[in-house]
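Peer 1: sequence unknown, structure follows:
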C-alpha cells in the first residue's frame, strides 16, 4: 500500500487478529491506523516500513457489514482434523456432523444488516442489532462426491460482503484415500534407529537429510486404483507438492511424498508403493517440528484429508493406530521402530489388515520398601487385568482392571504383606 505522498508500506495482518482475518478489503482508498515499524537490515534503511492494524475498525473505508464465524466439528469418524477453526474449506465424511456459527454486525447503521443465506441456516437478531446465524451439517452416503452449497451475504447502506464455504463430501473412492503417516523431523545421526527411513542406498547428505527425508504417506484402502493427477499437498504456509499424469495410488497401496533426492538416491520401498519427491521447491515438504497442518486436495481443489499436529516426537514418525481412522500416535511407542513408510505400523502391507501382536506376558517381580512391583512387556492395543491369590491354585481375584500402556512396558504395585503371592496378568 502507499500513502498520499507516495511512500510505500506493507500492511501486516497478525493471524491472531480474528476480526480482520477473512474480511474483504474495503475498497481501493482506505484509512489505516496501526503500529508503524521498520524491517530492513541494510543501511541507509530508507524502506521496509510496515503498518499493523490491531482490529477491523483500524481499517476504514466503506463501513461494510462484518461476518465472523467458527466452524466446529461435532462428530468425527476420521480423527486428526482441528475440531474448531476459521477455514472456509473442509471435508465431511458421511456420518460426520459439524456446525457453522456466524456473527454479523452492521457498523454503518443502528439496525441489523440484511442477511441472505444459502443453505438451511437458522438466523436470529438480538436487541443490539447483531445477527447470529447457525448451520448444522450432517451428510449421508447420498451426498458422496457433492460440494455442499453454503453462503452468507450481509448488506447495509454502504455495500455488502459475503462468505462462501467449500464443504465437500468425498466420493466413495476418495473416502478411501487417507493420510496415514508422516515424518516431520528426520535425523542425521546414523546411530539413531529412525535414520534413513526411506531406505535409500545412498542416504541424503547430513546437511540436507532434515529436508529430504521428511515424508507423508497417503494410503488407498479401497478396491480400485485412484488417479491423483491434479491433486496437491500443502501445509500451513504454502503449496508443497502437486501430482501429475501417471501418479496413481494402487488399490490397497500407498504413495509416499518425500522431501527430495538432490543429494541422496531414490527411496527403496515395498512392492506397489510409489515414492514421489515434493515438486514445488527445494525446501521439500517444509513440515514444522513444533506443529503444522497437512492438507490433501483433489483435482478440483476440494479437501480430501486434513490433519493438524503439535510438537512431533524425537524418535520417528506419527502414524494412525489402530487403523486408518484412529488418532495419530508416536510410531516408536507402537511397533518398537520409528517408521513404516508404505505399510501398516506392524510392517504388513496395506493389502492386509492392520495388526500388531500382543507380546507374551512374562512377569518380572521386585520387592523394595515393602512394595511388590510387577513389570511386563505390553502392546498399546491391549487392555490388561491383574489377578492375585495367596495360593498357587487360587482362587484368583482381580486386583486392578482396564490398564493400558503406551510406552511398551506395563507395571503394577501392591504392598508385600504375605510370604507368598501369586499373580496372573490377562491381556484383552
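Peer 2: Thanks, I have it. These numbers come from a predicted model, not from an experiment. Numbers count the residues shown, from 1 in each chain.
Peer 1: rest of the way, CA atoms for contacts and neighbours
Peer 2: OK.
Peer 1: partners of residue 131 in the sheet?
Peer 2: In this structure, residue 131 bridges to residue 104, residue 125 when assessed by DSSP bridges.
Peer 1: wouldn't it be in contact with residue 117 here?
Peer 2: No. Residue 131 sits out of contact with residue 117 when judged by Cα atoms under 8 Å, with a separation of 12.0 Å.
Peer 1: who's more crowded, these two?
Peer 2: More crowded of residue 131 and residue 117, by other Cα atoms under 10 Å: residue 131, with 22 against 17.
Peer 1: run through the helices of the stretch 201-350 of the chain in chain order.
Peer 2: Using DSSP state H, counting those that start in this stretch, the helices found in the stretch 201-350 of the chain span residues 209-212.
Peer 1: where does the prediction get shaky in it?
Peer 2: Counting by pLDDT under 70, the stretch 201-350 of the chain shows low-confidence ranges at 336.
Peer 1: strands of that one, start to end?
Peer 2: Counting by DSSP state E, counting those that start in this stretch, the segments of the stretch 201-350 of the chain that form strands are 215-220, 226-227, 232-234, 239-242, 248-249, 253-258, 273-277, 292-297, 303-309, 318-320, 328-330.
Peer 1: to residue 101, which of those lies closest?
Peer 2: Taking Cα to Cα as the criterion, residue 101 comes closest to strand 303-309 out of these, the separation being 20.5 Å.
Peer 1: which neighbouring elements make contact with the closest one?
Peer 2: For strand 303-309, the elements it packs on are strand 89-91, strand 177-183, strand 292-297, judged by 3 or more Cα pairs under 8 Å, 6 or more residues apart in numbering; DSSP states H and E.
Peer 1: please identify the deepest-packed of those.
Peer 2: Between those, the one whose residues have the most neighbours on average, counting mean count of other Cα atoms under 10 Å, is strand 177-183 (a mean of 25).
Peer 1: quick one: residues in contact with that one.
Peer 2: Judged by Cα atoms under 8 Å, 6 or more residues apart in numbering, the contacts made with strand 177-183 from elsewhere in the structure are 213-222, 304-307, 316-320, 324, 328, 339, 341.
Peer 1: and that strand with strand 303-309, angle?
Peer 2: Strand 177-183 and strand 303-309 are oriented at 30 degrees to each other (axes from the mean of the first three to the mean of the last three Cα atoms, to 10 degrees).
Peer 1: now render the strands of the stretch 201-350 of the chain as a markdown table, adding distance to residue 17.
Peer 2: Formatted as a markdown table, the strands of the stretch 201-350 of the chain follow (distance: least, Cα to Cα, whole Å):
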| stretch | distance to residue 17 |
| --- | --- |
| strand 215-220 | 31 |
| strand 226-227 | 40 |
| strand 232-234 | 23 |
| strand 239-242 | 24 |
| strand 248-249 | 40 |
| strand 253-258 | 34 |
| strand 273-277 | 36 |
| strand 292-297 | 19 |
| strand 303-309 | 20 |
| strand 318-320 | 31 |
| strand 328-330 | 30 |
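Peer 1: tell me which of those lies nearest to residue 56.
Peer 2: Of all those, strand 292-297 sits nearest to residue 56, with 26.3 Å by Cα to Cα.
Peer 1: from the contact counts, what lies against the closest one?
Peer 2: With 3+ Cα pairs under 8 Å, 6+ apart as the test, strand 292-297 has strand 232-234, strand 303-309 packed against it.
Peer 1: mind putting the ones you listed into TSV with distance to residue 368 and mean neighbour count?
Peer 2: As requested, the helices and strands packed on strand 292-297 are arranged in TSV below (distance: least, Cα to Cα, whole Å; neighbours: other Cα atoms under 10 Å):
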stretch	distance to residue 368	mean neighbour count
strand 232-234	54	22
strand 303-309	41	21
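Peer 1: make CSV out of those and add distance to residue 423.
Peer 2: Conversion of those to CSV gives the following (distance: least, Cα to Cα, whole Å):
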stretch, distance to residue 423
strand 232-234, 52
strand 303-309, 40
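Peer 1: one step back: a markdown table for the helices and strands packed on strand 303-309, including distance to residue 43?
Peer 2: Formatted as a markdown table, the entries for these read as follows, by distance: least, Cα to Cα, whole Å:
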| stretch | distance to residue 43 |
| --- | --- |
| strand 89-91 | 43 |
| strand 177-183 | 41 |
| strand 292-297 | 35 |
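Peer 1: can you tell which of these is closest to residue 386?
Peer 2: Proximity of the helices and strands packed on strand 303-309 to residue 386 was assessed by Cα to Cα; the nearest stretch is strand 177-183, lying at 33.7 Å.
Peer 1: quick one: contacts for the residue nearest to the spatial centre of the chain?
Peer 2: Centroid check for the chain by Cα atoms, centre = their mean gives residue 307 as the closest residue, at 1.6 Å. Applying Cα under 8 Å, 6+ apart to residue 307 gives the contacts 80-82, 179, 293-295.
Peer 1: closest to residue 103 out of the helices and strands packed on strand 292-297?
Peer 2: Checking the helices and strands packed on strand 292-297 against residue 103 by Cα to Cα gives strand 303-309 as the closest, at 25.0 Å.
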